[in-house]
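Engineer: have a look; sequence and predicted model below, questions after that.
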Amino acid sequence: MKQLALEFLRVTQTAAIAALPWVGRGRKHEADEAATAAMRRVLRQIQMDGVVVIGEGEMDEAPMLYIGEKTGTGQGPQIDIAVDPLEGTNLVAGGQNNSTAVIAAAPRGALLHAPDMYMEKLAAGAGAGGVIDIGLPVADNVLRVAAALGKPLREMTVSVQSRERHQAAIDAIRETGAKVRLFDDGDVTCAIAAAMEESGIDLFYGIGGAPEGVISAVAVKCLGGDMQARLLPASEAEHERCLRMGLSDPCGRLTLQDMVASDECVFAATGITPGPLLSGIAHASGGRLLTHSLLTSGPSGVHFIRSMHAGSMAG
Ligand SMILES: O=P(O)(O)OC[C@H]1O[C@](O)(COP(=O)(O)O)[C@@H](O)[C@@H]1O
């Protein structure tokens, strides 16, 4: 698995570069398609027996990188892949900050097969490992993390997606004395930021996509942080879907281990537009492009990588 890490880096770099021409053009589907096609092309070249377990939808609704799609050369280690070729489609369309291309990989069977529905998520860094509890109100989690980190509440910062559904949580967090840092879109980078001491984010809380939740969980695990979640099936049909996907208790607590059942995993992300975790793609002389990526395969292997790409990749 670890020997493939640089291949996965190439996957997110290529997807990010493919999305770049669509930044600010108001065309999120075209941007997503470009990133997905690029990611698919590079994934197919990797020597592995890969299967997409979290992708761009089901086979009949997504033309590529659908759940169940086989990828890689078909030879080599059996690997499950979770992709989000364009995390923050609206951000790219609107020319806004915090869009990335991301991928996570783990040995076959190690990733939760999360249906495409909402998930409530909590993530924190290693210093607060073992204290977060998705079953408790978010304010209690703020108090617990502050105590674990030995920080006064007024110095605590919680990252929350700017959504109406989070207003009660935002108020409750602020009532503890902690600060709330709102973001528009792209909860993968914000969850990961909570697991990185130097990010200035102590806790991430919010309801967002379940696929993004599992992808974030791989990164949080690699970084030595902690995360808990629970799926929020919104209808009988979604509840049924969870059962069909093998989740016996669809609304139950999901620990980091439930979402990522192996330490042998890899996470890669490349910034498209600048965000809290990664700088965006910059144009350099000669038509070259400078990308910024995070590549991690565990706490002892966390790499922030700046790469220069030949002009021919600029598309
Ligand atoms: O926009 P909603 O419905 O609040 O969903 C939240 C989800 O949307 C995102 O902000 C962006 O997702 P997309 O790239 O699929 O648009 C995710 O990071 C987050 O999990």
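Structural biologist: Looks like it came in fine.
Engineer: for L289, phi and psi?
Structural biologist: Main-chain torsions, L289, degrees, to the nearest 10: phi -120, psi 140.
Engineer: equivalent analysis for F267, please.
Structural biologist: Residue torsions, per degrees, to the nearest 10, at F267 are phi -130, psi 140.
Engineer: thought it was touching G301?
Structural biologist: No - with contact defined as Cβ atoms under 8 Å, F267 does not reach G301; the gap is 10.4 Å. Every C-beta, even on glycine, is put in place using the N, C-alpha and C of the backbone.
Engineer: more neighbours: the two, which one.
Structural biologist: F267 (31 against 12; other Cβ atoms under 10 Å).
Engineer: show me what the more buried one bridges to in the sheet.
Structural biologist: Here F267 sits in beta bridges with A104, T296, going by DSSP bridges.
Engineer: what touches both of F267 and G301?
Structural biologist: C222, L295 (Cβ atoms under 8 Å, 6 or more residues apart in numbering).
Engineer: could you give me the average pLDDT of stretch 20-36?
Structural biologist: Averaged across stretch 20-36, pLDDT comes to 97.
Engineer: can you tell if it touches the ligand?
Structural biologist: No - applying Cβ under 6 Å from any ligand atom, one finds stretch 20-36 separated from the ligand by no less than 7.2 Å.
Engineer: please apply the same query to stretch 179-193.
Structural biologist: Yes - Stretch 179-193 reaches the ligand (Cβ under 6 Å from any ligand atom) through D185, G186, D187, V188.
Engineer: tell me which residue of the stretch 1-150 of the chain lies closest to the ligand.
Structural biologist: When distances are taken as Cβ to the nearest ligand atom, the stretch 1-150 of the chain reaches nearest to the ligand at T89, 4.0 Å away.
Engineer: neighbours of the nearest residue to that residue once chain neighbours are set aside, just the number please.
Structural biologist: With sequence-adjacent residues excluded and distances taken as Cβ to Cβ, 6 or more residues apart in numbering, T89 is closest to K28, at 4.0 Å. Burial of K28 is recorded as 17 neighbouring residues (other Cβ under 10 Å).
Engineer: next one: A62
Structural biologist: 15.
Engineer: can you give me the strands in the stretch 1-150 of the chain?
Structural biologist: Assigned by DSSP state E, counting those that start in this stretch, the strands in the stretch 1-150 of the chain fall at 49-54, 70-71, 78-87, 100-107, 118-124.
Engineer: now do the helix-or-strand element of the chain with minimal mean pLDDT and strand 118-124, the angle between them.
Structural biologist: For the chain, counting by mean pLDDT, DSSP states H and E, helix 236-244 ranks last in confidence among helices and strands (a mean of 91). Orientation check (axes from the mean of the first three to the mean of the last three Cα atoms, to 10 degrees): helix 236-244 against strand 118-124 gives 60 degrees.
Engineer: may I see the buried residues of helix 236-244?
Structural biologist: Buried residues in helix 236-244, counted by 16 or more other Cβ atoms under 10 Å: E238, H239, R241, C242.
Engineer: sheet partners, orientation included, of the helix or strand that comes right after that helix?
Structural biologist: Following helix 236-244 in sequence order, the next helix or strand is strand 254-255 (DSSP states H and E). Here strand 254-255 is paired, per DSSP bridges, with strand 226-231 (antiparallel).
Engineer: gap between the partner strand and the chain center?
Structural biologist: Its chain's C-alpha centre and that of strand 226-231 lie 13 Å apart, by Cα atoms, centre = their mean, to the nearest Å.
Engineer: hmm, that strand in reach of the ligand?
Structural biologist: No - residues of strand 226-231 are not located near the ligand by Cβ under 6 Å from any ligand atom, the shortest gap being 11.5 Å.
Engineer: angles on the backbone of the closest residue to L289 other than its chain neighbours, please.
Structural biologist: Nearest residue to L289, sequence neighbours excluded (Cβ to Cβ, 6+ apart): H309, at 4.6 Å. When read as degrees, to the nearest 10, the backbone of H309 gives phi -110, psi 140.
Engineer: surely H309 meets A16?
Structural biologist: No - using Cβ under 8 Å, H309 and A16 do not qualify as a contacting pair, with a distance of 9.9 Å.
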